[in-house]
Every structure is written in structure tokens, then in C-alpha cells.
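Student: when you get a sec, could you give me coordinates for this:
(4 chains)
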2 protein chains.
Amino acid sequence: MSRSATRERIEEKADALFYEAGFEATSFADIAGAVGISRGNFYHHFKSKDDILDAVISRRLTATRAMLEAWDTDAAPKDRILSFIRILITNRTKIMAFGCPVGTLTTELAKLDHIAESRAAEIFGLFRDWLADQFRALGHKDDADALALHVLARSQGVAVMASALKDEAFLRAEVSALETWLDRLPDQTSTKG
Amino acid sequence: MSRSATRERIEEKADALFYEAGFEATSFADIAGAVGISRGNFYHHFKSKDDILDAVISRRLTATRAMLEAWDTDAAPKDRILSFIRILITNRTKIMAFGCPVGTLTTELAKLDHIAESRAAEIFGLFRDWLADQFRALGHKDDADALALHVLARSQGVAVMASALKDEAFLRAEVSALETWLDRLPDQTSTKG
DNA sequence: CCAGCACTAGGACGTTCGTCCTAATTTGTC
DNA sequence: GACAAATTAGGACGAACGTCCTAGTGCTGG
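Tutor: Predicted coordinates:
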């Protein structure tokens, strides 16, 4: 019980620090200090830095699956997609400070040529598949995946620029533009042919 | 003469390494090794790591200004904007491996809380102002800046996702979509009122 | 031809990194 | 209450980091 509690706290702080300071720039001392434990204790729970990175990615995968599942309760597919788009608004403060957690981690791991890059990119895969499902529900048989990637790319772009500019008005304007795009997207349900 | 030649080679390699491996992950030994000089020699040309980062950013600012100036020879504003969009195609191999040099550096410096972040963001400022000029030339008086930021954000999004997915077809599809968007954008020249 | 300066090499510095080890403490079980 | 296992603290390890220092080299101007 105590074991998993400490492990949980380590993962939590590591997750936040990897996001806010970057994976490479976050040391074991940083995490241990944030959790309030010794470095030695650390190695009882995680045997290496890559090990805790794996745990953080697993954590994010699980959290993402849970979030997508929660959104599945929304009746209309367009409302589900709106839920995704509006993460940008909900998390605007953190996004303007540190960008998107998924995009920035994947980018960093790509530069580090790190083995975990593909696993981090799996988080994108979850969003991609889920969004494609929604677009298929809107009747977009053939271009569902392309539309999903389009929404993902637009969101990533907003996150990068909002972080670079520290400009909330820009972020809100681009989210509105994306919502308009979605609204004008033809709902092809029952208009087959 | 010899001085500036070595300095130039250091800046060149540092620029590439900061892009491909990241600023934090690139050590002085890495740069010195890539250039083929000793670490001691390094400090005769640059007094600190921040110093060479400054030089690299200055270098990129100058290169960007030169590129934009070259594009100014294109007659039609839409063609100029196309030149910008097509960087994604021209540099696709590097972008799929390391993302956008401007976006990834700005993102990393934001996480590091580095003083040079705002200077790195100035590169975005150059593109932003130049793109806004082109949209103004197309008659977009009031929304020129918003359109410029939109193009920048779309491009950044493509770069992030292309790097995460390592998918050239996606990159080309999104560039096409952006070109279509630009093509359908009303040219408001001489249609005032 | 020599004095002075820019340049280069290479090692020393203190610090921090990720990792490992050992010893103490807590916890759970019979 | 004793004993084994899990948990914790804290220091030691070598390597690598950014930085600094010193000594040697080569060009240049008087």
C-alpha cells in the first residue's frame, strides 16, 4: 500500500516535471526533491531514468483512454470532437507556458533518438483513432483518418504558437476557427450517395 | 580571417546540433568534436553556452531575413506565401526527423525558462510580419495578422505531427490542404467596398 | 628579427549527473 | 514478540558537464 502510494507520487511529480521542464532537463534530484524523498529511495521503485519515463508514458496513455471514454458519453459525434478541441481552452494556461504535453515530449524524444519515442507517439495514436471514429460516425467513410490527423495537426499548431507568443487571444481565435471548420463540415449521415 | 572562419564553423555545427539533438542535450564536447577543435579553443570564440546560443539565434534571424528577402522577388503575394508553405516540402526529411527548427527551439527554451526564449521567438516574428505584409497586399486590411498567424500555426502543426508520425503522405496532404485554403482565400485587391 | 597578439590544445576545477551500495527503519505475518 | 520482506535514507562511484587556466603555436606589424 505504502509502496504504490510512493510510486504514485513519484510518477505524478515526474509527469509534471517532464512536462514543465522537459525529460532531459529533469534530474532524479529534481523529482526526489519535489516528492520529498531521497535519491536512494528512488531506485527501489524505478531502476533507471528510462524506467520512470516508461511509467509516465503508461500513465498518460491510461489517462488519455479514460478521458476519451468519458467523452464517449456525449451523444453527438461533433460534440465529442468539440470536447477534444476545447482542451486547448481548458488547459490554456499550461499550454501557453509549456506547450502540449504530448507534442513536446514526442518532439524531445525524437531529438534524443530515445527508444520510448514510439510509445510516446502512441498517445497521438489514441486521439487519432478516437477522432477517426467520430468522423466515421459523421459519415466520413474514406477521409475519417485524414480529418482526424487534420484536427490533431491544427491543435498542435495552436499549442506551439500559443506557447511561443504567450497570446491567449490568438489561442481563442484559432480554437474558434477550428470550431467553425468543424461546424461547416458536412454531416454525411443518412445523406449517402 | 582565420578567426571568423573557425567561429563560422562552430556556429554552423552548433546550429545543426541544437536542431537535431536539442540545445540542452548538446554539449560543448559534442560541438567541439563535430568541428574538430579542442574545448579550450572553444572558449576563445564563445565565452559560454548561452553565448553560442545567442550566436545561433542571430544566425537564424539573419538567414530568415535573407530568405524572406529572396521571396520578395516573386511578383504575386500568393506565390510568396506559397514559397513559405512549401518549406515543409523542401525540408520534409529533416522536419520528419527533428520537427521545425524554430518551433522546437522555442518550445525547448520555454521549458528551460531560458532568457533567450524571446529572441528565438523573434524568428516567428519575422515570418509573422512578412506573411501579414503579403495578406495585406492581397487586400486583407484588418485580418492580415490573424491570417499570418493561422498559416504559421498550420505549418507548425504539420511539422509536429509529421515528426511524430514520420509520415510523408500526411505531410504532403496537409500542405495541399493549406494550399487549397490559400487558393480559395478571397483576393480582395481592387474589390474594395 | 623580434615583440605582441590572435589562436589553439589540453588538462584541471568544482559540480551535477545517473547509478549503485549499505545500513537503518518500517511493515506485515506467524 | 520475532523474523522476513519491503521501504527508506544517505553516501560513494565514475563519468560528463560547463568553465577556467596555462602553455605553446603561428601570424603580423614595426
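Student: rest of the way, CA atoms for contacts and neighbours
Tutor: Will do.
Student: grab the nearest non-local neighbour of whatever residue of chain A ends up closest to chain B.
Tutor: Residue of chain A nearest chain B, by C-alpha to the nearest C-alpha: residue A:157 (3.6 Å). Closest residue to residue A:157 apart from its sequence neighbours, by C-alpha to C-alpha, 6 or more residues apart in numbering or on different chains: residue B:157 at 3.6 Å.
Student: what helices and strands are in contact with the strand or helix carrying that neighbour?
Tutor: Element membership of residue B:157, judged by DSSP states H and E, is helix B:144-165. On a contact count with 3 or more C-alpha pairs under 8 Å, 6 or more residues apart in numbering or on different chains; DSSP states H and E, helix B:144-165 meets helix A:101-112, helix A:144-165, helix B:92-98, helix B:117-137, helix B:168-184.
Student: tell me which of the ones you listed is the most buried.
Tutor: Of all those, helix A:144-165 carries the top mean neighbour count, a mean of 25, counting by mean count of other C-alpha atoms under 10 Å in any protein chain shown.
Student: what residues are up against the residue nearest to the spatial centre of chain A?
Tutor: By C-alpha atoms, centre = their mean, chain A has its centre lying nearest to residue A:102, at 4.1 Å. Residue A:102 makes contact with A:120-121, A:123-124 under the criterion C-alpha atoms under 8 Å, 6 or more residues apart in numbering or on different chains.
Student: wait, what's in contact with residue A:120?
Tutor: Counting by C-alpha under 8 Å, 6+ apart, the residues that residue A:120 touches are A:57, A:102, A:105-106.
Student: got it, and residue A:171?
Tutor: A:88-89, A:92, A:158-159, A:162.
Student: mind doing that once more with 10 Å?
Tutor: Counting by C-alpha atoms under 10 Å, 6 or more residues apart in numbering or on different chains, residue A:171 touches A:88-89, A:92, A:95-96, A:155, A:157-159, A:161-163, A:165, A:177.
Student: likewise residue A:163?
Tutor: Listed by C-alpha under 10 Å, 6+ apart, the contact set of residue A:163 reads A:92-100, A:157, A:171, B:103, B:106-107, B:110-111, B:121.
Student: now with 6 Å?
Tutor: A:96-97, A:99 (C-alpha atoms under 6 Å, 6 or more residues apart in numbering or on different chains).
Student: any residues of chain A in contact with DNA strand C? List them.
Tutor: Within chain A, the positions near DNA strand C by C-alpha under 7 Å from any atom of the strand are A:1-2, A:24, A:26-30, A:39-41, A:43, A:47-50.
Student: restricted to strands, list these.
Tutor: Assignment to strands by DSSP state E places none of those there.
Student: and these, which of them are buried?
Tutor: Listed as buried from these are A:26-28; burial here means 16 or more other C-alpha atoms under 10 Å in any protein chain shown.
Student: now pLDDT too, for those residues, in TSV please.
Tutor: Formatted as TSV, these follow (pLDDT from 0 to 100):
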residue	pLDDT
A:26	97
A:27	96
A:28	93
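Student: of these, which is the nearest to residue A:83?
Tutor: Using C-alpha to C-alpha, residue A:26 comes nearest to residue A:83 of these, at 31.3 Å.
Student: alright, I will stop here.
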